[in-house]
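A.B. asks: I'll drop the sequence and a predicted model, then ask my questions.
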Amino acid sequence: MVQVIEWVNPGEDEIIWRYPNEVIKWGAQLIVHEYEVAVFMRDGKIYDVLGPGRHTLTTQNLPLLYKLVGGSNSPFKATVIFVSMKQFQGRYGGETQTRELAPVKYYGVYWFKVADPVLFITEVVGGQSLYDAQDVTKFIRAYFNEGMMKHLSTYSIVDLFQNLDVVSTQVKVKLMEDFRRLGLELVDVKIEGVNTTDEWRQRLFWLMQTGNAQAVMQMDTVKQVAAELGKSPGAGMGTGMVLVPQLFQQQAQPIPPAQPYAGGGTPPAPQQPQQAAPAQTQQQEICPYCGKPIPPGARFCPYCGHEIKRCPNGHIVPEGAKFCPVCGAKIE
Ligand SMILES: [Zn+2]
Ligand SMILES: [Zn+2]
């Protein structure tokens with residue numbers, strides 16, 4: 001009876017499969033399906049690699065193994081590992097810390113495939129002694145997650161919440177390089193969400209509203225600040241809180257473009273830099289929870305759906321504040 005070596009009905013997310021019999025006979029039929037390769041190993045070393053097709057194993061198509069077994073035509077020992085070259089999808093999720101040590105949770109999806117089966121087997125399968133499809137899948141997920149944690153931790157919390165698209169792209173490039181070292185191609189990465197604690201979300205609120213990380217970091221805990229604000233309209237004024245409205249107004253105001261002078265008579269005098277008009281009327285409002293620009297006066301963020309709390313004068317206020325930190329108005 002002819003020995004048939006074939007990966008029958010690979011599972012949906014099986015990246016590799018090891019042929020269970022390690023004794024191979026010359027003349028055996030090796031069936032390699034589309035999007036597969038068969039790798040012959042012995043003692044952790046890779047010898048011959050065969051691509052899709054129906055192969056009768058001869059001294060011709062396994063030259064390296066043939067040399068090793070000493071030109072004998074008797075059965076020989078080898079491990080046959082099938083590698084799927086299809087694209088796989090993986091989910092990830094984990095926790096890390098930002099540059100300011102803010103705890104963040106993240107989750108999403110990634111897509112990858114084996115690009116270099118020999119490198120992949122050398123680095124992952126043989127290198128880690130993982131001969132089981134599940135173990136390989138687990139290893140890749142852990143490797144991806146570790147890279148994600150490492151790369152995300154180099155960003156600030158404002159970057160993560162305000163510029164997630166940019167961060168995603170940059171992290172993707174770094175992870176692609178990591179994956180290439182394993183013989184894998186990281187096809188795409190999608191960060192579906194990031195989250196942090198309530199405390200840090202409030203801090204983020206101030207970071208985004210004032211754009212002044214230093215001042216916000218100097219405030220003790222944001223809870224204390226919110227508690228101060230809650231006491232009375234004047235309570236905040238004696239503390240560092242009084243800084244906030246000022247910082248808010250100091251933010252760069254758009255300079256109106258120079259008007260070309262077209263009329264007769266005297267050219268208009270050069271414009272004086274405008275004195276600070278109430279900042280909130282000129283500023284594009286941003287959602288303090290996801291950092292996206294929102295329509296003026298919006299009650300809910302159209303991007304993340306979060307409710308935007310406001311004082312009677314329309315200033316955005318943090319959750320739980322009893323008085324507006326900008327104008328002191330009482331919040332119902
Ligand atoms: Zn939002
Ligand atoms: Zn107000």
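C.D. replies: Yep, it's here. Ligands and ions are numbered 1, 2, ... in the order given.

A.B. asks: contact partners of the helix or strand harbouring residue 88?
C.D. replies: Per DSSP states H and E: residue 88 is located in strand 87-97. Strand 87-97 has contacts (C-beta atoms under 8 Å, 6 or more residues apart in numbering) with 13, 15, 103-113, 137, 140-141, 144-145, 148-149, 152-153, 187. For glycine as for every other residue, the C-beta is placed from the backbone atoms N, C-alpha and C.

A.B. asks: I'd like to know which of these are buried.
C.D. replies: 15, 104, 106, 108, 110, 112-113, 137, 140, 144-145, 148-149, 152, 187 (16 or more other C-beta atoms under 10 Å).

A.B. asks: Could you tell me which of the contacts of strand 87-97 belong to helices?
C.D. replies: Those of those mapping onto helices are 137, 140, 141, 144, 145, 148, 149, 152, per DSSP state H.

A.B. asks: Turn those residues into JSON lines, including distance to residue 75 and pLDDT.
C.D. replies: JSON lines is the format used below for the ones in helices among the contacts of strand 87-97 (distance: C-beta to C-beta, whole Å; pLDDT from 0 to 100):
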{"residue": "137", "distance to residue 75": "32", "pLDDT": "91"}
{"residue": "140", "distance to residue 75": "34", "pLDDT": "94"}
{"residue": "141", "distance to residue 75": "38", "pLDDT": "93"}
{"residue": "144", "distance to residue 75": "40", "pLDDT": "95"}
{"residue": "145", "distance to residue 75": "43", "pLDDT": "94"}
{"residue": "148", "distance to residue 75": "46", "pLDDT": "94"}
{"residue": "149", "distance to residue 75": "48", "pLDDT": "94"}
{"residue": "152", "distance to residue 75": "52", "pLDDT": "94"}
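
A.B. asks: Name the nearest of those residues relative to ligand 2.
C.D. replies: Ligand 2 lies nearest to residue 152 out of those, by C-beta to the ion, at 34.7 Å.

A.B. asks: Need the per-residue pLDDT for the residue nearest to that closest one when sequence neighbours are not counted.
C.D. replies: With sequence-adjacent residues excluded and distances taken as C-beta to C-beta, 6 or more residues apart in numbering, residue 152 is closest to residue 96, at 5.1 Å. The score at residue 96 is 93. That number is its pLDDT.

A.B. asks: Run through the residues of the protein sitting next to ligand 2.
C.D. replies: Within reach of ligand 2 by C-beta under 5 Å from the ion, the chain has these residues: 311, 313, 315, 324, 326, 327, 329.

A.B. asks: which SSE is the second one in?
C.D. replies: Spelled out, it's residue 313. Residue 313 belongs to no helix or strand when assigned by DSSP H and E.

A.B. asks: Now for it: which residues touch it?
C.D. replies: Contact analysis of residue 313 by C-beta under 8 Å, 6+ apart lists 324, 326, 327, 329.

A.B. asks: quick one: which of those residues has the most company?
C.D. replies: residue 324 (24 neighbours; other C-beta atoms under 10 Å).

A.B. asks: Next, give phi and psi for the nearest residue to that residue once chain neighbours are set aside.
C.D. replies: Of all residues beyond its chain neighbours, the one nearest residue 324 is residue 311 (3.3 Å), with distances taken as C-beta to C-beta, 6+ apart. Backbone geometry at residue 311, expressed as degrees, to the nearest 10, gives phi -80, psi 170.
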